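S.K.: Here is my input; please provide its structure:
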Amino acid sequence: MDNEIKIGSRVKLLRLPESLIDDLPVDEQEEMKSYVGKEATIQDIDKFGYFWLGFGETVEDEQNSYYTGHSFCVLPEFIEIV
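M.R.: All right, here's what the predicted structure looks like:
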């Protein structure tokens, strides 16, 4: 198995950097923490070596649909390939 993480790789979020959430409102901190242990697809790898993940969903009601969630980046020690 190829253990190299690249764009399109499926990964599990192991934990969040405190610096990512410490300035957020409590409700957003809790939402971000709910992503720990979940899987995501690597969307991008920036020039600094950060891996970009997106967690969210499309919500529909009787008249509208919209996307809700978060996109953020982490270093490789915060994720593992699945």
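S.K.: how about the most centrally placed residue in the chain, secondary structure?
M.R.: The residue lying closest to the centre of the chain (Cα atoms, centre = their mean) is L53, at 3.7 Å. For L53, the assignment made with DSSP: H, G, I helix; E, B strand; the rest coil gives strand.
S.K.: From E62, how far off is it?
M.R.: 31 Å (Cβ to Cβ, to the nearest Å). No exception for glycine: its C-beta is placed from N, CA and C like everyone else's.
S.K.: Show me the helices in the protein, by range?
M.R.: 18-21, 26-33 (DSSP state H).
S.K.: can you tell me the average pLDDT over the shortest one?
M.R.: Confidence over helix 18-21 (mean pLDDT, whole number) is 94.
S.K.: got the buried residues for that helix?
M.R.: Within helix 18-21, the residues scored as buried using 16 or more other Cβ atoms under 10 Å are I21.
S.K.: Can you give the distance from it to the centre of its chain?
M.R.: 13 Å (Cα atoms, centre = their mean, to the nearest Å).
S.K.: In CSV, list the C-alpha atoms belonging to that helix.
M.R.: Taking Å, rounded to 0.1, in the frame of the first residue of the first chain, the C-alpha atoms of helix 18-21 are listed here in CSV:
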residue,chain,number,x,y,z
GLU,A,18,-5.2,24.2,19.3
SER,A,19,-4.1,27.2,17.3
LEU,A,20,-6.8,26.3,14.7
ILE,A,21,-9.7,26.5,17.2
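S.K.: Touching it from outside, list them.
M.R.: With contact meaning Cβ atoms under 8 Å, 6 or more residues apart in numbering, helix 18-21 is reached by 28-29, 32-33, 72, 74.
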